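**Student:** got a structure for you, letters missing:
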């Protein structure tokens, strides 16, 4: 994806995908694409997770970590509050999750 900025170890998403189990891959990609749809964001690909932030100061709003049978998602609306942690399983409806992520994106400060 052109224009994306990666901090840290300069891993690409294609490199990262190799560690995601095949059954989890579509769910992970769906969440990732939804985060991109929210606006001009940056993606930081880390060793075991992908973090999405807002602005060059990288105030992150969602941290996505693949697991064997799902994904652990940390959502942050405010840097001073403890992030909300959700576990999403394969096949689970993510409509409500998308609303929570959208709200976090809009309110992160």
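**Tutor:** Received the coordinates, thanks. Just so we're clear, the structure is a prediction, and the values are computed from it rather than from any experiment.
**Student:** ok, the residue minimising distance to the centre of the chain - contacts?
**Tutor:** With distances taken as Cα atoms, centre = their mean, the residue of the chain nearest its centroid is residue 64 (4.0 Å). Contact analysis of residue 64 by Cβ atoms under 8 Å, 6 or more residues apart in numbering lists 28, 31, 32, 35, 49, 50, 51, 52, 71, 72, 73. C-beta here means a position set from N, CA and C on the backbone, and glycine is covered the same way.
**Student:** all helices of the chain, in order?
**Tutor:** With DSSP state H, the ranges of helices along the chain come out as 13-17, 25-37, 95-107.
**Student:** if we can go back for a sec, okay, now the closest residue to the residue nearest to the centre of the chain other than its chain neighbours: neighbour count?
**Tutor:** Using Cβ to Cβ, 6 or more residues apart in numbering and skipping the chain neighbours, the partner closest in space to residue 64 is residue 50 (5.0 Å). Burial of residue 50 is recorded as 22 neighbouring residues (other Cβ atoms under 10 Å).
**Student:** List the neighbouring strands of the helix or strand of the chain with the lowest mean pLDDT plus their orientation.
**Tutor:** Counting by mean pLDDT, DSSP states H and E, the chain has its least confident helix or strand at strand 41-45, which shows a mean of 80. Here strand 41-45 has these sheet partners by DSSP bridges: strand 50-54 (antiparallel).
**Student:** what does the partner strand contact?
**Tutor:** 13, 16, 32, 35, 39, 41-44, 59-65, 105, 108.
**Student:** before we move on, back to that, make TSV out of the helices of the chain and add mean pLDDT, mean neighbour count and distance to residue 77.
**Tutor:** Conversion of the helices of the chain to TSV gives the following (pLDDT from 0 to 100; neighbours: other Cβ atoms under 10 Å; distance: least, Cβ to Cβ, whole Å):
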stretch	mean pLDDT	mean neighbour count	distance to residue 77
helix 13-17	92	13	25
helix 25-37	94	16	15
helix 95-107	94	15	5
